[in-house]
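> Got a predicted structure here, sequence first:
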Amino acid sequence: MTNHIALFEPQIPANTGNIARTCAGTNTQLHLIEPLGFKTDDKYLKRAGLDYWEAVSIHYHANLEEFLAVVGNDPLYLISKFAEKVYSDVDFTDTEKNHYFLFGKETTGLPEEFMRANPEKCLRIPMDDTHVRSLNLSNTANILIYEALRQQDFPQLEKVHTYDNDKLK
Ligand SMILES: C[S@@+](CC[C@H](N)C(=O)[O-])C[C@H]1O[C@@H](n2cnc3c(N)ncnc32)[C@H](O)[C@@H]1O
């Protein structure tokens, strides 16, 4: 099984491109819940994702309901600053399961009604609310996926790699 990043109606192509790059580098599957605020041939998305777009396993969903049908009974986490549980307090170690991390759109986050119906699934990344309204979407996706991978001991990822022009060896 594997980890999944899901983006609810993403608006900014560079954010999705950055997340696609992380997905390519971590064998994470990417789910895009439509409508998207850009076309998938957008130059900013391609630039942020560089050559990685083709390397990512991407699933498109017409709406939240279609995405939830795919998730089924696997663990789903709603990533939101409004949550009362801290993301790093959750156990992501079970690699027999698919872990789905769902992030909100840049402008309005996740649907309020959906979060209110599932408060136990909501996870917050601690931040200083006096200085920022929220963290950047692509940074939050990176934080969550690397916490899950750290707990899982980085499955199928190289902890060390020897490069042709190695700068340390
Ligand atoms: C720019 S924020 C959206 C802000 C939006 N005004 C809201 O009400 O959530 C985009 C997404 O980044 C994630 N995010 C940003 N800051 C977060 C935090 N401190 N904790 C958890 N998720 C966060 C959430 O998934 C959020 O929906």
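Done, it's in. Numbering: from 1, shown residues only.
> near the ligand, which residues of this protein?
Residues of the chain lying near the ligand by Cβ under 6 Å from any ligand atom: 79-81, 103-104, 106, 108-110, 124-125, 127, 134-135, 137, 140. All C-beta spots, glycine's among them, are computed from the backbone N, C-alpha and C.
> got a winner among those for most neighbours?
Greatest neighbour count in the residues of the chain next to the ligand, by other Cβ atoms under 10 Å, goes to Ile79: 26 neighbours.
> Pretty sure that residue sits against Tyr100.
No. With contact defined as Cβ atoms under 8 Å, Ile79 does not count as touching Tyr100 (10.5 Å).
> now, which of the residues of the chain next to the ligand lie within strands?
79, 103, 124 (DSSP state E).
> Closest one of these to Lys43?
Set against Lys43, the nearest of those by Cβ to Cβ is Phe103 (22.9 Å).
> Tell me the pLDDT of that closest one.
With respect to pLDDT, Phe103 has a value of 99.
> can you pull up the bridge partners for it?
Beta-bridge partners recorded for Phe103 (DSSP bridges): Leu7, Ile79.
> Centre of the chain to the helix or strand of the chain with the lowest mean pLDDT, how far?
When each helix and strand of the chain is scored by mean pLDDT, DSSP states H and E, helix 43-49 comes last, with a mean of 73. Put simply, helix 43-49 sits 17 Å off its chain's centre (Cα atoms, centre = their mean, to the nearest Å).
> Alpha carbons only: can I get it in CSV?
Output in CSV follows, covering the C-alpha atoms of helix 43-49 (Å, rounded to 0.1, in the frame of the first residue of the first chain):
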residue,chain,number,x,y,z
LYS,A,43,3.6,26.5,-18.0
TYR,A,44,3.8,27.4,-14.3
LEU,A,45,2.7,23.9,-13.3
LYS,A,46,5.2,22.3,-15.7
ARG,A,47,8.0,24.7,-14.5
ALA,A,48,7.4,23.9,-10.8
GLY,A,49,7.0,20.2,-11.5
